[in-house]
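Peer 1: Have a look; sequence and predicted model below, questions after that.
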Amino acid sequence: MHNHHGEGRRVHRARRTALAALTAALLLAASAGFGQEAGPGPGPDETAGQTAEPAPPVQPPEQNEQQNGQQSAEPAAEQSAEPAAEQTAEQAPEVPVQESLTGSFELLANPVYPPDRARLVYQPLIDYLNDATGLEIELVVDLNFHRYWLDARRNEAAPLVLEDAHMAAWRMAHFDYRPLVTTSDSLTFSLLTSGAYADDSLEDFVGRRIASLPSPSLGYVVLADWYDNPMQQPLIQSTATSWLDAVEMIFSAEADAAIAPENLVERYPNLYPVRTSVEFPGLTLSASPDVPDDVRRKLIEAMTTLHDDADHHSALFELDIDRFVEADPANYRGLEEWLSTIFAL
């Protein structure tokens, strides 16, 4: 019996020893696997002199989530800020800036000539301006006064316009054009007739044929102002293609009189002026608000020194002008009212 109980105790101790060894082996294996994932921990020498730091206070889950959200949002915001700024810079539209004294400009000429003749008359001036200013100016010629007035009312004219004073004043008042230069001599219009009617008055021409360029030419509006009674009107024949053509209609017996500018009055001593208008500023170059100030100054300088340039004398000769001078906008205020005699403005 004694030997039986002693043998049972030995078996029991052996089982406990084996179980303890198995447990130790399992713990060692688990410890080795954790070390491979988390990395080697500090050795005994490294931990010997270190004091355990107190554990951070436990925060409520909601506070932890807020802090974690803030910490993760800050790097994301920093990372997205740079691409967004670059994208905004790339997408930002470039503001068009007209370079000083460069670019192409159209110049509309007064339609007092047929288109082919107008190009011959005005092109020498365009050539001079291109040479003197370094600009690229292109001549624009309207087919007739109807197209000229239609584009004016729509504000579809060129940025530079060379025209009579009443239209320059009208553009200044309605579309903020600015007169740059005008002729040194003022301009008048006269009603010319042959010797057969030399002693007649203005009223005597009621019912008679008067040749003119079409409305809204300056000569036409002068006639309309003289004959303001709708029941006492001459027969205005606005079929002339130029002021010279209007005067020639007297000699061909197509008209009894003609309205003509002062330069033509002086050429025909055998024709007699019945009445002469008030003085207007002469042919005027105006610029729209789209024309930069430095371009305007360059044009003024070139135009007012044209008479000193012997190589481009033809520019003034074709226009029958002595010289250009700088225009005073004050001299144009109110001249647009002349158009009210034929249009309800």
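Peer 2: Thanks, I have the structure now.
Peer 1: now the helices: where do they sit in the chain?
Peer 2: 2-38, 44-48, 61-91, 115-133, 145-153, 165-175, 218-226, 243-251, 262-267, 293-304, 313-319 (DSSP state H).
Peer 1: what about the shortest one, average pLDDT?
Peer 2: Helix 44-48 carries an average pLDDT of 41.
Peer 1: before we move on, what about the fifth one?
Peer 2: For helix 145-153, the per-residue pLDDT values average out at 96.
Peer 1: repeat for the third one
Peer 2: Here the mean pLDDT over helix 61-91 is 46, rounded to a whole number.
Peer 1: do the last one as well
Peer 2: When the per-residue pLDDT values of helix 313-319 are averaged, the result is 95.
Peer 1: what helices or strands is it leaning on?
Peer 2: Judged by 3 or more CB pairs under 8 Å, 6 or more residues apart in numbering; DSSP states H and E, the packing partners of helix 313-319 are helix 115-133. Quick note: C-beta positions are derived from backbone N, CA and C, even for glycine.
Peer 1: residues of the helix it packs on that come out buried?
Peer 2: Neighbour-count burial for helix 115-133 flags 118, 121-126, 128-129, 132-133 (criterion: 16 or more other CB atoms under 10 Å).
Peer 1: what pLDDT does Gly35 get?
Peer 2: pLDDT at Gly35 comes out at 44.
Peer 1: thinking again about what came up before, mind putting the buried residues of helix 115-133 in TSV, pLDDT and distance to Val274 included?
Peer 2: TSV is the format used below for the buried residues of helix 115-133 (pLDDT from 0 to 100; distance: CB to CB, whole Å):
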residue	pLDDT	distance to Val274
Ala118	97	29
Val121	97	28
Tyr122	98	31
Gln123	98	35
Pro124	97	34
Leu125	98	33
Ile126	98	37
Tyr128	98	38
Leu129	97	38
Ala132	96	42
Thr133	96	43
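Peer 1: which of these lies closest to Ala152?
Peer 2: For the buried residues of helix 115-133, the residue nearest Ala152 by CB to CB is Ala118; the value is 16.7 Å.
Peer 1: how close does that closest one sit to Phe324?
Peer 2: Look at Ala118 and Phe324: by CB to CB, to the nearest Å, they are 19 Å apart.
Peer 1: now do Arg147
Peer 2: 26 Å.
Peer 1: again with Phe175
Peer 2: Taking CB to CB, one finds Phe175 at 22 Å from Phe324.
Peer 1: out of the two, which sits in the busier spot?
Peer 2: Between Phe175 and Phe324, counted using other CB atoms under 10 Å, the more crowded position is Phe324 (26 against 13).
Peer 1: show me the residues around the more buried one that make contact.
Peer 2: 181-184, 285, 303-304, 306-307 (CB atoms under 8 Å, 6 or more residues apart in numbering).
Peer 1: ok, now with 7 Å
Peer 2: 181-183, 303-304, 306 (CB atoms under 7 Å, 6 or more residues apart in numbering).
Peer 1: Just the buried residues out of those residues, in PyMOL syntax.
Peer 2: Only the buried entries of these go into this PyMOL selection, using 16+ other CB under 10 Å:
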select buried, resi 181+182+183+303+304+306
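Peer 1: ok, of the contacts of Phe324, which one's closest to Ile250?
Peer 2: With CB to CB as the yardstick, the closest approach to Ile250 among those comes from Thr183, at 25.9 Å.
Peer 1: Surely the closest one touches Asp320?
Peer 2: No - Thr183 is beyond contact range of Asp320, at 9.6 Å (criterion: CB atoms under 7 Å).
Peer 1: where are the low-confidence patches of the stretch 101-250 of the chain?
Peer 2: Counting by pLDDT under 70, the stretch 101-250 of the chain has low-confidence residues at 101-103.
Peer 1: quick one on the thing from earlier: which pair in the contacts of Phe324 spans the largest distance?
Peer 2: Checking those with CB to CB, the most distant pair is Thr182 and Leu306, at 12.9 Å.
Peer 1: what's near enough to touch the residue nearest to Asn331 when sequence neighbours are not counted?
Peer 2: Distances taken as CB to CB, 6 or more residues apart in numbering put Pro281 closest to Asn331, at 5.4 Å, once the chain neighbours are dropped. Residues near Pro281 by CB under 7 Å, 6+ apart: 165, 182, 186, 327, 331-332.
Peer 1: Who are the contact partners of the closest residue to Leu125 other than its chain neighbours?
Peer 2: Leaving aside its chain neighbours, Leu125 sits nearest to Ala315 (4.3 Å; criterion: CB to CB, 6+ apart). Residues in contact with Ala315 (CB under 7 Å, 6+ apart) are 124-125, 128, 306.
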